[in-house]
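Undergrad: give me coordinates for this.
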Amino acid sequence: MGEVLRALEDAVGSDYVSVDDFVLYTYSRGIEGALEEVMPEYVVRPGSTDEVSRVVKVANKYKVPIVPRGGGCCLMGGSKPIEKGGIVIDMTRMNRLLDINFEAMTVSVECGITWAKLNTVLFEKGYYTGTLGPGSGMSATVGGGLSHHSVGGGGATKYGTCSEHCVALEVVLPQGDVVQTGSNASVYIKEPFCRLGLGPDLLSIFLGDNGIFGIKTKATLEIFPRPEYHECKTFVVENPGDINVAKIWLEWRKMGDLGIYDSQYLPPLTVVAYSGLLTEFPFIPAWKGIDKGILWYTIEAYTEDELEEKVRLADGAVKRHGGEELGEKIEDGNIARWHYEKHGFWQNWHALWNIAGPGCVPCSTEHHVPIHRMPDMFRAFEKWEEENRSLLEKAGAFSGVSTTILCGHTTVEVDSGLVVWDRPELRSLNKQLWISQMHMVIKNGGMPYMTGELYSQALVDAAAFPEPYFELLRTLKRTLDPNRILSPGKYRL
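TA: Residues are numbered from 1 along each chain as shown. Presented below is the predicted three-dimensional model:
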């Protein structure tokens with residue numbers, strides 16, 4: 001241990017390596033509620049790509065595993081060790097905005113920067129990253145968001161996942177080599193502008209990889225001008241809301257580009273949670289007593305006439321399927337306006353994670369399905385909850401869908417899972433329920449995107465991957481990481 005410690009201190013400086021128990025414990029878990037604390041042996045905070053490379057080479061020399069960590073916001077155990085010991089490499093010192101190229105309309109950053117810090121600068125210049133990363137973007141980093149295709153922080157309806165707009169990526173491979181991908185792969189390209197070209201899209205194997213193929217150090221993302229005009233509307237929808245909302249969303253998509261930046265559906269249980277009993281937002285009073293679902297949207301446009309026409313078309317579909325508009329103001333219940341104008345995209349999720357009060361934590365099973373499959377998935381959750389009623393009552397756990405987000409094209413993100421009590425005596429039961437629900441989602445055709453520890457293992461345990469696919473995954477991992485250094489245990493690798 002002393003020899004490894006000295007090598008790590010030589011790599012990044014003694015001020016940025018810790019073996020203190022209280023520090024190691026801090027990095028032994030995330031915000032999920034059913035996973036055991038697994039203590040690393042070292043916490044390292046590099047300040048440059050070269051230092052990351054040196055740390056990885058030390059790890060290979062001494063056969064010490066590494067887990068990369070961004071803001072630590074993963075809900076699936078993705079930013080903590082799975083196996084005891086090793087190094088947690090905290091990337092948050094690498095948080096610089098490197099360049100904004102207004103001609104190529106890109107921004108280059110170190111991957112330890114938060115989505116909020118990045119977009120705060122871009123907002124001031126009239127731009128944004130399109131999709132604003134995850135809902136935890138005040139503390140979640142760009143590298144973490146790219147590692148699991150984040151969608152929850154705003155803009156996913158118009159722009160899809162945040163990783164769709166990554167045009168260049170610098171990655172430290174599991175043996176310490178540094179590779180440039182995307183347009184940066186060519187030494188003759190001086191300003192990154194497009195991911196696709198130069199042959200195979202090798203950048204993509206590092207997007208959504210949940211940290212198994214490399215450590216992201218720098219990224220270049222497309223940026224987009226923020227339209228001058230927007231409209232925000234919120235509607236009450238008749239039950240069963242999920243069926244009516246699915247019809248509305250499909251109708252919107254078949255109309256073409258309506259400029260819808262965000263749209264979400266909140267089932268009745270979430271509406272009750274937002275009704276002032278469990279959270280305190282300024283729009284709550286208008287919702288008291290509502291026992292129906294809520295649908296809201298934000299539409300962006302570059303002219304007033306364009307905005308008026310797009311709102312007319314969108315509203316027509318909502319009204320045809322039983323939507324009743326709430327007032328224009330936030331205090332009238334217009335969550336869409338709060339979400340867009342008051343930066344609610346980085347605030348509402350935190351309240352939901354504490355929906356039952358102090359001491360409760362999330363066990364998320366969020367996933368993607370096509371719009372037309374959304375009602376089927378809601379019914380699958382109801383069936384699972386009925387089958388597991390006694391265990392849920394024993395754990396005092398809540399289960400269900402909190403929100404559903406319309407994403408790119410015809411994809412929706414279903415924010416599902418459990419809210420459990422973070423008590424030692426319930427950990428085993430919480431984990432049992434969590435894994436069971438993950439298997440249910442997978443076998444009903446849900447596509448996890450933030451897999452971390454448990455969801456990645458559940459995909460393997462549920463035999464979701466045919467053998468040729470999984471063998472390809474294993475081959476890539478063995479080739480890049482022959483010493484099994486980086487994020488061991490994810491996907492059972």
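Undergrad: and Asn60, what element?
TA: helix 49-62 (DSSP states H and E).
Undergrad: and that helix, what's buried?
TA: Thr49, Glu51, Val52, Ser53, Arg54, Val55, Val56, Lys57, Val58, Ala59, Asn60 (16 or more other C-beta atoms under 10 Å). All C-beta spots, glycine's among them, are computed from the backbone N, C-alpha and C.
Undergrad: ok, residues contacting it?
TA: 3-4, 7-8, 10-12, 44, 46, 64-66, 86-87, 89, 91, 94, 170, 172-178, 215, 217-218, 483, 485-486 (C-beta atoms under 8 Å, 6 or more residues apart in numbering).
Undergrad: now, those residues that are in strands?
TA: Val44, Ile66, Ile87, Ile89, Glu170, Val172, Val178, Ile215, Thr217, Lys218 (DSSP state E).
Undergrad: pick the one among these closest to Gly199.
TA: Sorting the ones in strands among the contacts of helix 49-62 by how near they are to Gly199, with C-beta to C-beta, puts Glu170 at the top with 18.4 Å.
Undergrad: for the record, mean pLDDT for the helix holding Asn60?
TA: Mean pLDDT, helix 49-62: 98.
Undergrad: Pro65 versus Asn388, what's the distance?
TA: According to C-beta to C-beta, to the nearest Å, Asn388 stands 34 Å off from Pro65.
Undergrad: re earlier: buried among the ones in strands among the contacts of helix 49-62? Make that a ChimeraX selection.
TA: Buried residues among those (16+ other C-beta under 10 Å), as a ChimeraX selection:
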select :44,66,87,89,170,172,178,215,217,218
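Undergrad: got CSV for the ones in strands among the contacts of helix 49-62, with distance to Ser139 too?
TA: Below are the ones in strands among the contacts of helix 49-62 laid out as CSV (distance: C-beta to C-beta, whole Å):
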residue, distance to Ser139
Val44, 20
Ile66, 22
Ile87, 22
Ile89, 17
Glu170, 23
Val172, 23
Val178, 27
Ile215, 19
Thr217, 19
Lys218, 20
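Undergrad: what about the strands in the stretch 201-350 of the chain?
TA: Secondary structure of the stretch 201-350 of the chain, counting by DSSP state E, counting those that start in this stretch: strands at 215-222, 224-225, 229-237, 260-266, 293-301, 323-325.
Undergrad: could you dump these to TSV with mean pLDDT and distance to Gly408?
TA: Output for the strands of the stretch 201-350 of the chain, formatted as TSV (pLDDT from 0 to 100; distance: least, C-beta to C-beta, whole Å):
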stretch	mean pLDDT	distance to Gly408
strand 215-222	98	14
strand 224-225	98	14
strand 229-237	95	19
strand 260-266	95	11
strand 293-301	95	15
strand 323-325	92	23
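Undergrad: what's the first-to-last distance across stretch 162-181?
TA: 17 Å (C-alpha to C-alpha, to the nearest Å).
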